[in-house]
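Novice: have a look; sequence and predicted model below, questions after that.
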Amino acid sequence: MRSWVRAPIGIEAERWTTWKVDRKVLAVVCTMADAQRLVDPVATLASDPRVQVVASIAPGQVFDTGLQEWLHQAGVVIIPWPQATTTRFDLAVVASASRALESVHAPVALFAHGVGFNKLTPPVGTGGSGQGALPRAVYGLSRESLLRDGRLLAARIALAHTEEAKRLAASCPEAVRAARVVGDGAADRLLSWLGRRDRCRAELGLAEGDRWVVAASTWGPSSLIGARRAVLERLVAEAAAAGWRAGLLVHPNVWAAHGTWQVRQWLRPLMLRGLEVVPVQADWTGVLAAADAVVGDHGSSTVYATLTGRPLAVATAGHGDVVRGSPMECLLSALPEVTEDGSVLARLRRLRSLQEQAAVAAVAARVTSHPGEFASRTRAVLYDLLGLAEPDAPAVTRPVGSLGWALRRWSA
């Protein structure tokens, strides 16, 4: 077990620290997806010299492989979980409503770790998703995840859209008082990248005349790479024949569950034929912004891709995991499905009907109620919990820096 840290927290921390802070914030991370999502809310307060942020990895997680290294590379102070749960913090920020939160001594601000709330909880029971299975709730909005012994786990629940507040009221009325609609930090970064798309493409090594199609896969057996690998293989072949470049964006849980080495070995035959695999460390919002077309599944990336205005198609076996009436369900119903034997590029290059364009635009409008306002609205919520006045400088969207990687170099 890692030794307890003596700075910047601890009973003698003031002996070793340079800044005298007024508030201490704990980022509780369960998965790589959590860590990546928490960067946006944490960025709204991290530059304040009155505030010290540290992170801790909740124990017993399925997808925590590589998480320690990712946080270390980011330069975050990581404290062991026993120290995190025996220290009183002024605020804890989380992106998963795990049972570990019961041990945290701080008001909790809960953020979603995907776009909205589109998926059902995994089937539980002897009958799986069939006879004998327990009812499946909306993942992230269920009473089971938000309440413990009738007590609300989070002091604030950050939502991206006003529609989500209505769904929360239906699923867990006790949580409505804690809900705040703040917008979506990932959507804001994607929109920011779209505003400088030429720079984004240049950093990825895409020349002016290059056409780049991105396949975006979630995790699990019903995902694009789990159930529709034949579609990915055909996309790579068609892209090469048409002079396009093909990229693959993979959910962090895939890398965590199988290991980077193994995933790359399984994908190597396609990489040798030209597939450019995006590393888990990359800013995936920049990847979507740079794409000329996207093939997705029932994962969050597909919904975010609606913001780009680029041609979009789906290849998924995950229809049964999607909440009825959710943005994802509406998108899957509106978009053309890539079949096992159909042309992928033909689907993407075909003329889109006005009805399809309207349906995709309607889904895009459901991603965030406050485009460009996540930083300012989130900062107000967090500083209220901290009991601090907000800094004088206006809150801004987390800056889009260098993407820090090159497709061809990483895919070699």
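Specialist: Looks like it arrived, so ask away.
Novice: where in this structure is pLDDT low?
Specialist: 1-2, 122-136, 399-412 (pLDDT under 70).
Novice: how is it carved up into domains?
Specialist: Per automatic domain parsing, the domain ranges recorded for the chain read 13-186+369-386, 188-368+404-411.
Novice: just put those in JSON lines and tack on mean neighbour count and distance to A7.
Specialist: In short, each C-beta sits where N, CA and C put it, glycine included. Shown next, in JSON lines, are the domains of the chain (neighbours: other C-beta atoms under 10 Å; distance: least, C-beta to C-beta, whole Å):
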{"stretch": "domain 13-186+369-386", "mean neighbour count": "18", "distance to A7": "4"}
{"stretch": "domain 188-368+404-411", "mean neighbour count": "19", "distance to A7": "27"}
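Novice: quick check, S142 in contact with C172.
Specialist: Yes. Look at S142 against C172 with C-beta atoms under 8 Å: they come within range, at 7.0 Å.
Novice: phi, psi for V322 please.
Specialist: Note on V322: its backbone torsions stand at phi -100, psi 140 [degrees, to the nearest 10].
Novice: same question, L248
Specialist: Dihedral angles for L248 - degrees, to the nearest 10 - are phi -130, psi 120.
Novice: isn't it up against V263?
Specialist: No. Between L248 and V263 there is no contact under C-beta under 8 Å: 10.1 Å.
Novice: need phi/psi at I11.
Specialist: phi -70, psi -20.
Novice: typed the wrong thing, it's V54
Specialist: According to degrees, to the nearest 10, V54 has phi -130, psi 160.
Novice: tell me the contacts of it?
Specialist: Residues in contact with V54 (C-beta atoms under 8 Å, 6 or more residues apart in numbering) are 5, 8-9, 24-27, 76-79, 84.
Novice: closest one to L45 out of these, please.
Specialist: V25 (6.9 Å; C-beta to C-beta).
Novice: wait, which of the domains of the chain is closest to A393?
Specialist: Among the domains of the chain, domain 13-186+369-386 comes nearest to A393, with 8.6 Å by C-beta to C-beta.
Novice: any idea how far the closest one is from the chain center?
Specialist: Counting by C-alpha atoms, centre = their mean, to the nearest Å, domain 13-186+369-386 is centred 12 Å from the centre of its parent chain.
Novice: for it, measure first residue to last.
Specialist: One end of domain 13-186+369-386 to the other measures 20 Å (C-alpha to C-alpha, to the nearest Å).
Novice: for V77, see how far away the closest residue to W16 other than its chain neighbours is.
Specialist: Spatially, and ignoring its direct neighbours in sequence, W16 is nearest to A7 (4.0 Å; C-beta to C-beta, 6 or more residues apart in numbering). As judged by C-beta to C-beta, to the nearest Å, A7 and V77 stand 8 Å apart.
Novice: how about L307?
Specialist: The gap separating L307 from V77 is 34 Å, by C-beta to C-beta.
Novice: you'd agree A106 is up against A27?
Specialist: No. At 10.9 Å, A106 does not count as touching A27 under the criterion of C-beta under 8 Å.
Novice: packing partners of the helix or strand that contains L348?
Specialist: According to DSSP states H and E, L348 maps onto helix 344-349. Applying 3 or more C-beta pairs under 8 Å, 6 or more residues apart in numbering; DSSP states H and E, one finds that helix 344-349 contacts strand 212-217, helix 229-242, strand 293-296, strand 312-314.
Novice: switch the cut-off to 6 Å
Specialist: helix 229-242 (3 or more C-beta pairs under 6 Å, 6 or more residues apart in numbering; DSSP states H and E).
Novice: what packs against the helix it packs on?
Specialist: Checking 3+ C-beta pairs under 6 Å, 6+ apart, helix 229-242 ends up next to strand 212-217, strand 245-250, helix 344-349.
Novice: now distance to A202 too, for these, in JSON lines please.
Specialist: Listed next are the helices and strands packed on helix 229-242 as JSON lines, based on distance: least, C-beta to C-beta, whole Å:
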{"stretch": "strand 212-217", "distance to A202": "12"}
{"stretch": "strand 245-250", "distance to A202": "14"}
{"stretch": "helix 344-349", "distance to A202": "23"}
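Novice: so which of the ones you listed is nearest A289?
Specialist: Using C-beta to C-beta, the helices and strands packed on helix 229-242 put strand 212-217 closest to A289, at 10.2 Å.
Novice: output the helix or strand that the closest one is followed by as CSV, restricted to C-alpha atoms.
Specialist: Sequence-wise, the next helix or strand downstream of strand 212-217 (DSSP H and E) is helix 224-227. This file holds the C-alpha atoms of helix 224-227, laid out as CSV (Å, rounded to 0.1, in the frame of the first residue of the first chain):
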residue,chain,number,x,y,z
LEU,A,224,-18.7,-1.4,-32.4
ILE,A,225,-15.4,-3.2,-31.8
GLY,A,226,-17.1,-5.9,-29.7
ALA,A,227,-19.9,-6.9,-32.0
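Novice: give me the contact list for helix 224-227.
Specialist: Contact partners of helix 224-227, identified using C-beta atoms under 6 Å, 6 or more residues apart in numbering, comprise 217, 220, 297, 315, 317.
Novice: quick one, what contacts the first one?
Specialist: The one in question is S217. 223-225, 250, 297.
Novice: which one is A313 nearest to, not counting chain neighbours?
Specialist: Nearest one to A313, counting by C-beta to C-beta, 6+ apart, is R347 at 4.6 Å.
Novice: look up how far T162 lies from that neighbour.
Specialist: Counting by C-beta to C-beta, the gap from R347 to T162 is 33 Å.
Novice: L312 too?
Specialist: L312 is 25 Å from T162, by C-beta to C-beta.
Novice: go on, P311?
Specialist: 29 Å.
Novice: and for A35?
Specialist: 27 Å.
Novice: what of D392?
Specialist: From D392 to T162 the distance is 29 Å (C-beta to C-beta).
Novice: again, but for D188
Specialist: Distance from D188 to T162, by C-beta to C-beta: 17 Å.
Novice: which SS class is the nearest residue to G185 once chain neighbours are set aside?
Specialist: Closest residue in space to G185, ignoring its immediate chain neighbours: D40 at 2.9 Å, by C-beta to C-beta, 6+ apart. Per DSSP: H, G, I helix; E, B strand; the rest coil, the local secondary structure of D40 is helix.
Novice: am I right that D40 is in contact with G183?
Specialist: No. Between D40 and G183 no contact is recorded; they are 10.0 Å apart, counting by C-beta atoms under 6 Å.
Novice: who touches V294 in this structure?
Specialist: Here V294 is in contact with 214, 216, 305, 312 (C-beta under 6 Å, 6+ apart).
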